[in-house]
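take a look and give me a structure for this.
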Amino acid sequence: MNNTKWNFDNTYAKLPNIFFTRQHPAAVATPQLVEFNHKLANELGIPCEPEVFAGNCIPCGAEPISQAYAGHQFGHFNMLGDGRAVLIGEHISPCGKRFDIQLKGSGRTPYSRGGDGRAALGPMLREYIISEAMHSLGIPTTRSLAVIETGEPVIRERKLPGAILTRIAASHIRVGTFEYAAHFSTIDDLRTLADYTIIRHFPLIESADNKYIELLKEVVKRQAALIAKWQLVGFVHGVMNTDNMAISGETIDYGPCAFMDAYNPDTVFSSIDTHGRYAYKNQPKMAMWNLARFAETLLPLLHEDKNKAVKLAQTEVENFKPIYENYWLDGMRTKLGLAEKRAEDELLIADLLQKMEASSADYTNTFRSLTVGEIDKRFVNWHKRWQARVSGQDKTETAEHMKRNNPCVIPRNYFVEEALAAAENGDLKPMERLLGALGNPYAYTPEQDKYTQPPTQTSCNYKTFCGT
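Below you'll find the predicted structure:
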């Protein structure tokens, strides 16, 4: 770490002032480093400076800001913004990539809406575990660099230890950022935001005849690919509001998220999602709904004729469904080791999922068992059909292909809760062991066996909370 140093180039802070407020994090009493991601820090060339991660020290070149954005929360439009986060700057890594460095839980901002701007240790460690697990699974995501215990309590249902998470992201531009621009700024400001987003995330489309329709196309494609990856590993985000959809195509804002154990398309983990709006089965539909809100913000830029602009936008948003379905179907083929596409594959996949749902089979372990050659007695007839389907393929190649696409381990909810409870009591060993198992989910090592065990029936009614 001797050659590491901060290398800031803060382009977002050059946007019109309406998009942010210059805001320093609030200093904390007795910061203590709880978790530090050494591997990620080395990749980014970032030094380990707990005082920076606590918000007590601003590194040279940083320009701390809190971002303004809006969003539809459970279908209702609200003015939002970084209510407990400060973006200290954009760091350029040794390989030339740009990353936002954000402190989450760093104190009140103008967008706090009555909140204290702070975060509790448990939810920040939870985001650390889940986001790093997602990265190891090969799913685009924000990353977690460090967790600092502040030495100051936060009051929720009870008094909890306070903490700050250092989050790394390609950017924090959201669908909600565009909704904010469309509702509260000028068309010129909206165009400036769109141009900035194109340069930052989609530079290849900058010279297109209609770069704004190309922007919409690219965001649709990235979201379709992302949601397909969620579905393929049984991940439930829990709060797919438009302010939680990143334009970059990364998974962002790990609040009431969790991984499904028993396969059930109606699975909901969030304690506040009482009607199942963001249930597992609804995630593709809700992504399309969010993209429609994004498309609406771009209408003034798509075409001077509003009717033509609407038609252009509708076409691209409607393309989400077939693009997503292709990503998902191809992903399911890889999970089953199918080397080529055949028309009957869809029925084979649908029948397996139906049998899994009817028998409450564990989602991850069903595919893990197929990968290692174990036969579930509940699926004997289906297994014969699957074996006939792959009979002409090289068995070794098929097994290796499946192994690369079916995780042996996921961050199962009860192991996560066990690790968090221990960490809150000062014991980080369970969390370190869990992170070690999740660091290579496709390894299939004996050390991972413990973490493949599904919960008992009594621990299935799992609920998660936003952690705000």
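
hey, where'd the strands end up in this protein?
With DSSP state E as the criterion, the chain has strands at 20-22, 32-36, 65-67, 70-73, 76-79, 85-92, 98-104, 119-120, 143-155, 159-169, 235-236, 258-259.

of the ones you listed, which is nearest residue 190?
Among these, the nearest to residue 190 by CB to CB is strand 70-73 (12.6 Å). Yep, even glycine has a C-beta here, placed from its N, CA and C like the rest.

hang on, residue 300 packs against residue 309?
Yes. Between residue 300 and residue 309 there is a contact under CB atoms under 8 Å: 7.4 Å.

okay, these two: which has more neighbours?
The residue with more neighbours, out of residue 300 and residue 309, is residue 309; 20 against 17, by other CB atoms under 10 Å.

settle this for me: the more buried one is touching residue 297, isn't it.
No. Residue 309 is beyond contact range of residue 297, at 11.3 Å (criterion: CB under 8 Å).

common neighbours of the two, please.
Contact with both residue 309 and residue 297 is made by no residue, according to CB atoms under 8 Å, 6 or more residues apart in numbering.

Throw the strands of the chain into CSV and include distance to residue 412 and mean pLDDT, thanks.
Converted to CSV, the strands of the chain look like this (distance: least, CB to CB, whole Å; pLDDT from 0 to 100):
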stretch, distance to residue 412, mean pLDDT
strand 20-22, 38, 98
strand 32-36, 20, 98
strand 65-67, 34, 98
strand 70-73, 28, 97
strand 76-79, 33, 96
strand 85-92, 28, 98
strand 98-104, 24, 98
strand 119-120, 22, 96
strand 143-155, 19, 96
strand 159-169, 22, 97
strand 235-236, 12, 98
strand 258-259, 7, 96
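
out of the ones you listed, the one nearest residue 279 is which?
Nearest of those (CB to CB): strand 235-236, 7.4 Å.

quick one: strands adjacent to that closest one?
Sheet pairing here is set by DSSP bridges, and for strand 235-236 it gives strand 258-259 (antiparallel).

so what touches the strand it pairs with?
Strand 258-259 is contacted from outside by 233-236, 238, 269, 364, 410-413, 462, 464, using CB under 8 Å, 6+ apart.

kindly reformat the residues you listed as a markdown table containing distance to residue 79.
A markdown table is the format used below for these (distance: CB to CB, whole Å):
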| residue | distance to residue 79 |
| --- | --- |
| 233 | 34 |
| 234 | 34 |
| 235 | 29 |
| 236 | 27 |
| 238 | 22 |
| 269 | 27 |
| 364 | 39 |
| 410 | 36 |
| 411 | 33 |
| 412 | 37 |
| 413 | 33 |
| 462 | 32 |
| 464 | 26 |
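
counting neighbours, which of the residues you listed comes out on top?
residue 410 (28 neighbours).

quick check: closest non-adjacent residue to that residue.
The shortest distance from residue 410 to any non-neighbouring residue, by CB to CB, 6 or more residues apart in numbering, is to residue 259 (4.6 Å).

over to residue 420?
The shortest distance from residue 420 to any non-neighbouring residue, by CB to CB, 6+ apart, is to residue 122 (4.9 Å).

wait, the one you found touches residue 160, no?
Yes. Counting by CB under 8 Å, residue 160 is a contact partner of residue 122 at 6.8 Å.

okay, and the common contacts of the two?
Joint contacts of residue 122 and residue 160 (CB under 8 Å, 6+ apart) are residue 424.

contact partners for residue 75?
residue 277.

partners of the residue positioned nearest the centre of the chain in the sheet?
The structure's the chain has its C-alpha centroid closest to residue 251; by CA atoms, centre = their mean the separation is 2.0 Å. Residue 251 forms beta bridges with residue 141, as assigned by DSSP bridges.

ok, it - contacts?
With CB under 8 Å, 6+ apart, residue 251 has these contacts: 131, 134, 139, 140, 141, 142, 226, 230, 237.

closest to residue 73 out of these?
Using CB to CB, residue 237 is the member of those that lies nearest residue 73, at 13.6 Å.

excluding chain neighbours, give the residue nearest to that closest one in space.
Excluding its sequence neighbours, the residue lying closest to residue 237 (CB to CB, 6+ apart) is residue 257, at 5.2 Å.

can you give me the neighbour number for that neighbour?
Residues near residue 257, counting by other CB under 10 Å: 23.

ok, back up a step: closest to residue 286 out of the contacts of residue 251?
Using CB to CB, residue 237 is the member of these that lies nearest residue 286, at 9.0 Å.

what sits against residue 294?
175, 178, 179, 216, 219, 242, 245, 247.

gap between it and residue 176?
Separation of residue 294 from residue 176 (CB to CB, to the nearest Å) stands at 9 Å.

wait, residue 124 touches residue 166, no?
No. When contacts are counted by CB under 8 Å, residue 124 is not listed as touching residue 166 (9.5 Å).

overlap of the contact sets of these two?
With CB under 8 Å, 6+ apart as the test, residue 124 and residue 166 both reach 104, 147.

quick one: low-confidence ranges for the protein?
For the chain, the stretches with pLDDT under 70 are 1-2, 457-468.

got the end-to-end distance for stretch 70-90?
Distance between the two ends of stretch 70-90: 22 Å, counting by CA to CA, to the nearest Å.

return the set of buried residues in it.
70-73, 80-90 (16 or more other CB atoms under 10 Å).
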